[in-house]
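# Structure for the following, please:
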Amino acid sequence: MKNICVGYQDGTPFPREKKILTDELILKNSTVGFEFEFFTELEDKEIVQELEKRLTNKKIVIPKELIGFDTFGIPNHSGFNPDRDNFKLERDFSGGLKMFELVTGPCPYNESIQILKTIYDFIAECGWTTLKSGIHVNVSFNKMIEGRHSLSNLDSKLFSIRFDEDFIFDRWPNRKNNVYAQSIKTFRPIFHGGILNPLPENFIGPTSKYYGINFSKLSKNYLEMRYLGGKNYHTKFNETVECIDHFLLSLFRTLEKLYYTKDDLEKFSELIKGMIEKKIFVFDFEHFKKSRKNIFFFLDGDRIPITNEIYFRYFADFLLTSINNCNFKDCALNMNMKDNILEVLKCSFKKLLLENDDYKIHFKNCSFNEGVIEHKFFSDCSIKNVILKDCEFYKCDVSDCKVERCIVNDSNITNCYIDNKGDEKQFFNSEFSKCIIRQNYPLEKDGNTIDDCIWVAKQLKEKSPKRKKINYDKFKY
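Residues are numbered from 1 along each chain as shown. Next up is the predicted model:
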């Protein structure tokens, strides 16, 4: 076991009896919670009975919410917050009708490891896991550590630089490059154009939940690890524990030293080396035009002379984001100055991450194989294995995607999980096949065709017991 000497943040050492924290003591003063995704043939009540029999002194709660006037429904992702004694069981329709999610409350480390083993054994005996399954690990520290090194002070970029992701991927190789758990060693510059100063404060690290570590949970004073999962993940107990330990100890060591060392800056420089080269490459106009002769540039539909470096800057930010993952052969970029929209035509993207609304983009006749894209418009595109949020499609083929709050028009949607909240119409003249639709179901009167799809809201309502009718006559005076 490694020993770690600690002191207060102002440099004052702890009292001698508290000066040394071993790895074992750090773990002992940690809290861990889980979110298990799994499949089973058992019904809700049967799962509860089986789990409560295995988990001593734990109650499994199935939250219910009012649907309509007289019907209670079983929601997925309810507002019920589990605690140490009360866990939450919900249906997770993202994987189909037989998929469930068990969410535990935060528990002391040693107890949580026993819970992990118990649930893995339950899944092995009563269910199964697939590529669509995962386990999320939520961690925090108790007062002994939190009072010295508050998790709310964590610098997420510093942790991303120091964290050894290879430790995880050596044990879970199938999760590398997973679109739902991307590498946290992903940085992008926070400015547009100009000289790139290679310091951490000039870059943005992971911001959304679709990374190996979900830093958005810091506001609630815990962190979520999302790396682990996949088919038969429940058979990898030892690997899971090793990764939990690695995560917690790495987190503590970063909190212990919340400043950038020379080694940290050298690691960061290595991480963004490719970004620096791309930035120089994109803004080195002479270099770019020699090596990318197949890209055509337009301004309001008029061909821009390739020698005009000033106009070229309109396209540089997008090129910087996509240059390593796009086949730009015969690709065209048009800057619509009137509407301030960048139009991208005939590009093929291996992977594209556009998780911000900094600028409007309209993709035409493009193809996408992986990524996370928000607030963009697509027409005549082929899109596969992409997380799409607040986008709009016209005459597109969309398959194996997660679609959130999107408008779909005259498109083919296949094998997608669709989560469109709200009552406004969002689907028009489109074909939906083998999709799981959480709510806002496509209507045939709007020209939609539905084949072999699951409507989550309807399934929940059908499974919900109705409230007993009240005899109001007995309340009359």
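# Helix, strand, or coil at residue 343?
What DSSP: H, G, I helix; E, B strand; the rest coil gives for residue 343 is strand.
# What's the local residue count around it?
The tally of other residues near residue 343 (other CB atoms under 10 Å) stands at 19. For glycine as for every other residue, the C-beta is placed from the backbone atoms N, C-alpha and C.
# OK, contacts around the spatially closest residue to it that is not a sequence neighbour?
Excluding its sequence neighbours, the residue lying closest to residue 343 (CB to CB, 6 or more residues apart in numbering) is residue 334, at 4.2 Å. Contact analysis of residue 334 by CB atoms under 8 Å, 6 or more residues apart in numbering lists 297, 298, 299, 300, 301, 342, 343, 345.
# One more: residue 138?
32, 33, 34, 35, 106, 217, 222, 223, 224, 225.
# quick one, phi/psi of it?
The phi and psi values for residue 138, taken as degrees, to the nearest 10, are phi -100, psi 130.
# pLDDT at the closest residue to it other than its chain neighbours, what is it?
Excluding its sequence neighbours, the residue lying closest to residue 138 (CB to CB, 6+ apart) is residue 33, at 4.2 Å. For residue 33, the model assigns a pLDDT of 98.
# so residue 33, which of the three states?
strand.
# Ok, residue 81 next?
Assignment for residue 81 (three-state DSSP): coil.
# Near it, how many other residues are there?
9.
# Ok, residue 85 next?
Residue 85: 10 neighbours (other CB under 10 Å).
# Surely it touches residue 58?
Yes. Counting by CB atoms under 8 Å, residue 85 touches residue 58, with 6.3 Å between them.
# do you know how far the residue nearest to residue 138 is from residue 384?
33 Å (CB to CB, to the nearest Å).
# Between the two, which is the more surrounded one?
residue 33 (22 against 17).
# show me the contacts for that one.
Residue 33 neighbours (CB under 8 Å, 6+ apart): 82, 103, 104, 105, 106, 107, 112, 137, 138, 139, 222.
# most neighbours, which of those residues?
Busiest of the contacts of residue 33 [other CB under 10 Å] is residue 104, holding 25 neighbours.
# Next one, pLDDT for it please.
pLDDT at residue 104 comes out at 97.
# List the buried residues of the helix or strand residue 387 falls within.
Counting by DSSP states H and E, the element that carries residue 387 is strand 386-389. Neighbour counts over strand 386-389 (16 or more other CB atoms under 10 Å) mark 386, 387, 388, 389 as buried.
# that older thread, just the buried subset of the contacts of residue 334, written out for ChimeraX, thanks.
ChimeraX command restricting these to the buried ones, with burial defined by 16+ other CB under 10 Å:
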select :297,298,299,342,343,345
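# just the contacts of residue 334 now: which is nearest residue 96?
Taking CB to CB as the measure, residue 96 sits nearest to residue 345 out of these, at 37.0 Å.
# Where does the prediction get shaky in the stretch 251-400 of the chain?
274-293, 305-313, 320, 323-325, 327, 356-358 (pLDDT under 70).
# Distance to residue 207 added to the buried residues of strand 386-389, as JSON lines?
Listed next are those as JSON lines, based on distance: CB to CB, whole Å:
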{"residue": "386", "distance to residue 207": "18"}
{"residue": "387", "distance to residue 207": "14"}
{"residue": "388", "distance to residue 207": "17"}
{"residue": "389", "distance to residue 207": "13"}
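# Tell me the one among those residues nearest to residue 403.
residue 388 (5.2 Å).
# Give the bridge partners for the closest one, please.
residue 373, residue 403 (DSSP bridges).
# Over to residue 334?
As assigned using DSSP bridges, the partners bridged with residue 334 are residue 298, residue 343.
# Just to check, residue 336 is in contact with residue 343?
Yes. With contact defined as CB under 8 Å, residue 336 and residue 343 form a contacting pair (6.0 Å).
# Overlap of the contact sets of these two?
Common neighbours of residue 336 and residue 343 (CB under 8 Å, 6+ apart) are residue 362.
# re the thing from before, which among the buried residues of strand 386-389 gets closest to residue 249?
Scanning the buried residues of strand 386-389 for proximity to residue 249, where the rule is CB to CB, the winner is residue 387, at 30.7 Å.
# What are the buried residues along stretch 137-156?
137-141, 145-146, 148-149, 151, 154-156.
# ugh, typo on my part, it should be stretch 180-190
Quick answer for stretch 180-190 (16+ other CB under 10 Å): 180, 181, 182, 183, 184, 185, 186, 187, 188, 189.
# now could you export just the CA positions of it as PDB?
Taking C-alpha atoms only, stretch 180-190 is exported to PDB below (Å, rounded to 0.1, in the frame of the first residue of the first chain):
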ATOM      1  CA  TYR A 180     -21.400   6.900 -24.700                       C
ATOM      2  CA  ALA A 181     -18.100   6.900 -22.800                       C
ATOM      3  CA  GLN A 182     -15.600   8.900 -24.700                       C
ATOM      4  CA  SER A 183     -12.100   9.600 -23.600                       C
ATOM      5  CA  ILE A 184     -11.800  12.500 -21.100                       C
ATOM      6  CA  LYS A 185      -8.500  13.400 -22.700                       C
ATOM      7  CA  THR A 186     -10.500  15.500 -25.200                       C
ATOM      8  CA  PHE A 187      -9.800  19.200 -25.300                       C
ATOM      9  CA  ARG A 188     -10.800  22.000 -27.700                       C
ATOM     10  CA  PRO A 189      -9.700  25.600 -27.900                       C
ATOM     11  CA  ILE A 190     -12.100  28.200 -26.500                       C
END
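# Please consider this matter closed, and thank you.
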